[in-house]
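Undergrad: sequence plus the predicted model coming up.
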Amino acid sequence: MRSDLFAKENMAEPATQAGMTLQNSKSIKYAVNGECLARQGAMVAYRGNLQFEKKGQGAGQFLKRAVTGEGLALMSVKGQGECWFALSAANCFILDFDQPSDTLTLNGRNVLCFDSTLSYDIKVVKGAGMAGGGLFNSVFTGQGRLGVVCDGTPIVIPVSPGYPVFVDTDAVVGWSTQLQTGLHRSQSFGSMIRGGSGEVMQLRLDGEGFVVVRPSETGAGAPTG
């Protein structure tokens with residue numbers, strides 16, 4: 001049988017070492033030798049001796065999730081084998097946390113899978129509070145690799161002192177944790193009365209670092225639970 005379907009770039013090759021690699025731009029392959037963590041429902045295929053278990057959350061994280069509707073519905077993947085993760089054909093990227101002090105704030109909807117050596121917590125976005133609908137994101141810290149998804153090609157915008165960046169809260173993927181955050185109203189009260197532009201509130205980021213946004217306010221990867 002012959003077809004472009006069987007092109008070399010589409011074939012899954014045996015893993016040469018444990019951990020995650022890009023299978024292609026839309027999926028991540030994780031060679032499990034012990035345990036990894038992934039969002040529930042993200043597994044599209046696996047081979048080997050693997051067990052999938054719903055990952056429980058601590059009392060604090062469970063409360064935040066219940067109040068805000070935000071968070072990470074995770075599963076633990078244990079054993080030995082290979083597992084493929086994907087989400088609605090969204091683009092996939094792998095981030096390397098090289099130092100124990102490395103940290104990143106990420107929207108829960110953009111998390112695909114990560115090493116069990118990384119720790120995470122659900123935290124309120126400082127300066128936003130419930131006035132912004134209760135903006136809660138996941139903060140990852142430690143050494144390891146993190147697989148993320150993005151609806152479309154991401155835009156990485158540098159943030160410099162004195163040059164804040166304003167982003168739509170529905171489009172933001174993540175940002176440097178050391179940045180200062182707050183809500184910014186770009187629309188006057190009079191404009192809101194007249195119907196408004198649809199762009200009322202943005203997340204303001206100050207300091208030195210970067211912010212990642214997606215070229216879409218809805219679409220693949222949007223659900224957080």
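TA: Everything's here; your move.
Undergrad: now stretch 1-8, how far from the chain's geometric center?
TA: Centre-to-centre, stretch 1-8 and its host chain are 33 Å apart (Cα atoms, centre = their mean, to the nearest Å).
Undergrad: that stretch: end-to-end distance?
TA: 15 Å (Cα to Cα, to the nearest Å).
Undergrad: tell me the mean pLDDT for that stretch?
TA: Across stretch 1-8, pLDDT averages out at 84.
Undergrad: kindly report the same for stretch 50-68.
TA: What stretch 50-68 shows for mean pLDDT is 62.
Undergrad: again, but for stretch 106-117
TA: Here the average pLDDT along stretch 106-117 is 94.
Undergrad: same question for stretch 122-133.
TA: 59.
Undergrad: measure S3 to N10 for me?
TA: According to Cβ to Cβ, to the nearest Å, S3 and N10 sit 10 Å apart. Just so you know, the C-beta spots here come from the backbone N, C-alpha and C atoms, and that holds for glycine as well.
Undergrad: actually F136, not the one I wrote
TA: Distance from F136 to N10, by Cβ to Cβ: 38 Å.
Undergrad: between these two, which is the more surrounded one?
TA: A side-by-side neighbour count of F136 and N10, using other Cβ atoms under 10 Å, places F136 first with 20 against 11.
Undergrad: that one touches R109, doesn't it?
TA: No. Assessed by Cβ atoms under 8 Å, F136 is found out of contact with R109, at 11.5 Å.
Undergrad: low-confidence stretches in this protein?
TA: Scanning the chain for pLDDT under 70 picks out 56-71, 126-135, 186-200, 217-225.
Undergrad: and C83, what does it touch?
TA: 29-30, 32, 36, 38, 43, 45-46, 50, 77 (Cβ atoms under 8 Å, 6 or more residues apart in numbering).
Undergrad: which among these gets closest to S119?
TA: C36 (14.0 Å; Cβ to Cβ).
Undergrad: helix or strand for the closest one, which one?
TA: In the assignment (DSSP states H and E), C36 maps to strand 27-39.
Undergrad: that strand pairs with which strands, parallel or anti?
TA: Using DSSP bridges, strand 27-39 pairs in its sheet with strand 19-24 (antiparallel), strand 74-85 (antiparallel), strand 111-115 (antiparallel).
Undergrad: turn the ones you listed into JSON lines, including distance to G207.
TA: Formatted as JSON lines, the strands paired with strand 27-39 follow (distance: least, Cβ to Cβ, whole Å):
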{"stretch": "strand 19-24", "distance to G207": "30"}
{"stretch": "strand 74-85", "distance to G207": "30"}
{"stretch": "strand 111-115", "distance to G207": "23"}
